[in-house]
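J.: give the three-dimensional model of this entry:
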Amino acid sequence: MATTIGAEGRIDLGEHGIDAGGRVHVHPSTSVLYTHTLRRNEGRLAEGGPLVVDTGRHTGRSPNDKFIVREPGSEERIWWGTVNQSIDEPHFEALRDKVTSFLEDQELYVVDSFAGADPAHRLPVRVITHSPWHALFAKTLFIEPTEDELADFEPRALILHAPAVEAEPEEDGTRSSTFVVLHPSRAEIVIGGSFYAGEIKKSIFTLMNDRLPLDGVLPMHCSANVGDEGDVAVFFGLSGTGKTTLSADPDRHLIGDDEHGWADDGIFNIEGGCYAKVIRLSPEAEPEIYKTTRSFGTVLENVVVDERGVLDLDDDSKTENTRAAYKLEQIANALPTKRAGHPGSVIFLTADAFGILPPIARLSREQAMFYFLSGFTAKLAGTEIGVTEPQPTFSACFGAPFLPQPPAVYAHMLGERLDRHSATVWLVNTGWTGGPFGEGERMPITATRALLHAALSGHIADGEFRTDELFGFEVPTEVHGVESKLLDPRSTWRDHEAYDRKARELAQMFHDNFEQFAEEAGADVVAAGPRV
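T.: Numbers count the residues shown, from 1 in each chain. Okay, here's the model as predicted:
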């Protein structure tokens with residue numbers, strides 16, 4: 001039995017099948033992880049204190065290399081297909097053995113933490129890795145236990161992380177040398193072949209997306225904040241649509257930037273940190289997030305830094321998907337409990353690369369279900385391998401890559417909560433205006449902030465709305481602080497007939513995509529979509 005001793009405790013890695021031959025650091029401090037990363041020349045210290053690392057050839061998630069083990073305890077509920085590719089248990093065991101055999105000969109780092117700020121629904125997670133900066137990432141993104149909680153910590157989920165280990169596709173049943181494999185019943189994840197740290201974060205989110213519905217909790221790919229009066233807002237959206245930026249509002253308290261659960265007594269953050277895109281980050285438009293890029297404890301992925309240690313956030317030579325991982329507490333107005341009541345406002349963020357959708361629209365209950373299941377946005381450059389410019393896409397529930405169960409499971413749970421708590425749903429386009437990508441320009445963030453402030457404060461409800469003839473949703477005709485022309489996307493295009501053609505094309509795309517959900521959603525929800 002391999003017993004290991006760290007600075008803060010004693011654990012037995014033998015229970016995880018690891019006979020550790022090297023030194024094992026249990027619950028290492030941030031300073032230790034910095035020191036080891038710098039000593040091994042696996043990162044650089046930048047001005048202000050952040051740790052700058054390079055993820056190599058993988059600068060985004062690799063969704064085609066993600067697998068779920070087909071096993072008796074879960075296979076009946078899994079949404080099998082392109083999102084959830086299956087792998088059998090023998091191949092999982094072989095990959096697990098390959099990873100543990102490698103880890104046994106390495107200096108190891110063990111991070112124990114929680115996923116879920118609500119004690120009734122949290123999951124104790126153990127990450128074992130040979131990379132100190134990945135250990136720091138896990139320590140940053142998940143919720144750190146107190147000393148008392150560590151003393152009684154019993155992991156119920158395990159990540160075996162070995163990015164230096166590569167699969168042999170013919171032998172291991174993988175698509176490439178990269179693998180991210182989840183065994184649902186055992187709550188075990190093995191990761192290899194990619195140094196992109198986001199795989200750690202999203203693999204646990206995928207697990208929580210499977211576990212929470214079994215407890216009657218809706219998992220959500222959303223950010224969330226709350227006003228001084230307790231008014232909660234959640235912001236659904238895929239990477240790059242503005243979840244992190246728009247929820248970090250100096251006038252409201254940040255609950256979290258990406259992953260939440262909606263339980264019977266309110267919402268809670270699944271994480272303890274944020275993972276923000278920082279390419280061309282503006283100190284004026286996003287001061288809170290910008291400040292974290294100059295702070296000790298922040299991990300910066302693929303950000304360019306010169307020989308003096310000075311960052312260049314505008315340099316996209318490595319990737320558009322530059323990232324900062326930082327503790328939620330680094331945001332000055334973050335809510336320490338990471339928990340709040342039931343949302344009164346639900347916002348669907350979409351980066352419309354066509355430039356067709358208005359900057360904000362109010363949705364009926366049936367329209368909300370339609371647009372939630374549709375999950376329309378544009379994949380932005382760098383967030384996934386092979387995406388070099390915005391690509392229009394439909395991602396069910398604004399998070400299809402992370403849904404182990406069928407989208408209808410999550411949609412029905414959302415519908416029940418909208419009915420129960422009378423939340424208002426808004427569709428917000430943070431994408432393009434004045435034309436499609438390449439012709440138009442990105443929606444001004446100042447306008448988006450003004451529209452959200454009007455919506456969350458209730459002021460927008462007092463104004464006039466028009467009903468969009470094609471899409472059917474309600475669009476305000478005037479909002480204080482926002483140019484009225486911007487509220488009518490057709491008027492922002494030089495060629496109005498070109499707008500009409502593209503709008504009909506987009507409406508047809510919505511219709512064609514929704515056919516897969518039509519039977520489960522019902523006639524009323526189908527009818528709430530665009531007219532074609």
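J.: Lys202 falls within a strand, correct?
T.: No. Counting by DSSP: H, G, I helix; E, B strand; the rest coil, Lys202 is located in no strand; its state is helix.
J.: check contacts around it.
T.: Counting by CB atoms under 8 Å, 6 or more residues apart in numbering, Lys202 touches Arg61, Pro401, Phe402. Glycine gets a C-beta too; all of them are placed from N, C-alpha and C.
J.: compare those residues and tell me which is most surrounded.
T.: Phe402 (25 neighbours; other CB atoms under 10 Å).
J.: check what pLDDT that residue gets.
T.: Phe402 carries a pLDDT value of 97.
J.: and if you look at Val234?
T.: Among the per-residue scores, Val234 holds a pLDDT of 98.
J.: Glu389 now?
T.: For Glu389, the pLDDT comes out at 65.
J.: next: Asp257.
T.: Looking at Asp257, its pLDDT stands at 95.
J.: do I have it right that it meets Leu246?
T.: No. Using CB atoms under 8 Å, Asp257 is not in contact with Leu246, being 9.6 Å away.
J.: find residues that contact each of these two.
T.: Counting by CB under 8 Å, 6+ apart, the contacts common to Asp257 and Leu246 are Ser223.
J.: neighbour-wise, which of the two wins?
T.: Using other CB under 10 Å, the more surrounded residue of Asp257 and Leu246 is Asp257, with 28 against 23.
J.: looking at the contacts of Lys202, which is nearest Asn321?
T.: Ranked by distance to Asn321 (CB to CB), the contacts of Lys202 are led by Arg61 at 9.1 Å.
J.: how much space between the closest one and Lys243?
T.: 16 Å (CB to CB, to the nearest Å).
J.: run a quick neighbour tally on Pro250.
T.: Neighbour count for Pro250, taken as other CB under 10 Å: 10.
J.: secondary structure element for it, which one?
T.: Assigned by DSSP states H and E, Pro250 falls within no helix or strand.
J.: roughly how far does Val278 sit from Ala324?
T.: From Val278 to Ala324 the distance is 5 Å (CB to CB).
J.: the residue lying closest to Thr293 once chain neighbours are set aside: how many residues sit nearby?
T.: Spatial nearest neighbour of Thr293, chain neighbours left out: Ala324 (5.4 Å); criterion: CB to CB, 6 or more residues apart in numbering. Number of residues near Ala324 (other CB under 10 Å) recorded here: 26.
J.: bridging residues for Tyr467?
T.: In this structure residue 467 is Thr, not Tyr. Glu474 (DSSP bridges).
J.: just checking, it touches Pro476?
T.: No. With contacts counted by CB under 8 Å, Thr467 stays clear of Pro476, the gap being 11.5 Å.
J.: neighbour count: those two, which is higher?
T.: Pro476 (23 against 10).
J.: and the residue nearest to Thr293, that one's in a helix?
T.: No. Counting by three-state DSSP, one finds Ala324 to be strand, located in no helix.
J.: please report how far it lies from Gly529.
T.: On the measure of CB to CB, Ala324 and Gly529 end up 37 Å apart.
J.: intersection of neighbour lists for Val278 and Ala324?
T.: Counting by CB under 8 Å, 6+ apart, the residues touching both Val278 and Ala324 are Ile289, Thr293, Leu300, Val303.
J.: and which of those is nearest to Phe376?
T.: Within the shared contacts of Val278 and Ala324, the smallest distance to Phe376 is 25.5 Å, found for Ile289 (CB to CB).
J.: quick one: the helices in the stretch 301-450 of the chain?
T.: 365-374, 407-421, 445-457 (DSSP state H, counting those that start in this stretch).
J.: isn't Phe471 right up against Val532?
T.: No. The pair Phe471 / Val532 is not scored as a contact, 10.6 Å apart, by CB under 8 Å.
J.: residues near Met443, how many?
T.: When counting by other CB under 10 Å, one arrives at 25 neighbours for Met443.
J.: which residues touch it?
T.: The neighbours of Met443, taking CB under 8 Å, 6+ apart as the test, are Pro359, Asn429, Thr430, Gly431, Trp432, Thr433.
J.: need those in a markdown table (columns: pLDDT).
T.: A markdown table is the format used below for the contacts of Met443 (pLDDT from 0 to 100):
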| residue | pLDDT |
| --- | --- |
| Pro359 | 98 |
| Asn429 | 97 |
| Thr430 | 96 |
| Gly431 | 94 |
| Trp432 | 94 |
| Thr433 | 97 |
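J.: could you turn the buried ones of those into a ChimeraX selection?
T.: If you want just the buried ones from these in ChimeraX, going by 16 or more other CB atoms under 10 Å, the selection is:
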select :359,429,430,431,432,433
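J.: shared neighbours of Phe471 and Val532, which are they?
T.: Residues touching both Phe471 and Val532 by CB under 8 Å, 6+ apart: Ala507.
J.: pick out whichever of those two has more residues nearby.
T.: Neighbour totals were compared for Phe471 and Val532, and Phe471 leads with 24 against 11 (other CB under 10 Å).
J.: just to revisit the earlier point, helices - which of the shared contacts of Val278 and Ala324 land there?
T.: Among these, the ones falling in helices (DSSP state H) are Ile289.
J.: check the shared contacts of Val278 and Ala324 and tell me the two furthest apart.
T.: Largest separation among the shared contacts of Val278 and Ala324 by CB to CB: Ile289 and Val303, giving 13.0 Å.
J.: residues shared between the contacts of these two?
T.: Val278, Ala324.
J.: my guess is the residue nearest to Thr293 meets Ile289, correct?
T.: Yes. At 7.1 Å, Ala324 counts as touching Ile289 under the criterion of CB under 8 Å.
J.: what helix or strand does Thr206 sit in?
T.: Take DSSP H and E as the rule and Thr206 turns out to sit in helix 198-214.
J.: buried stuff in that helix?
T.: Buried residues in helix 198-214, counted by 16+ other CB under 10 Å: 198-213.
J.: and stretch 105-114, by the same measure?
T.: For stretch 105-114, the neighbour count (16+ other CB under 10 Å) marks Gln106, Glu107, Leu108, Tyr109, Val110, Val111, Asp112, Ser113, Phe114 as buried.
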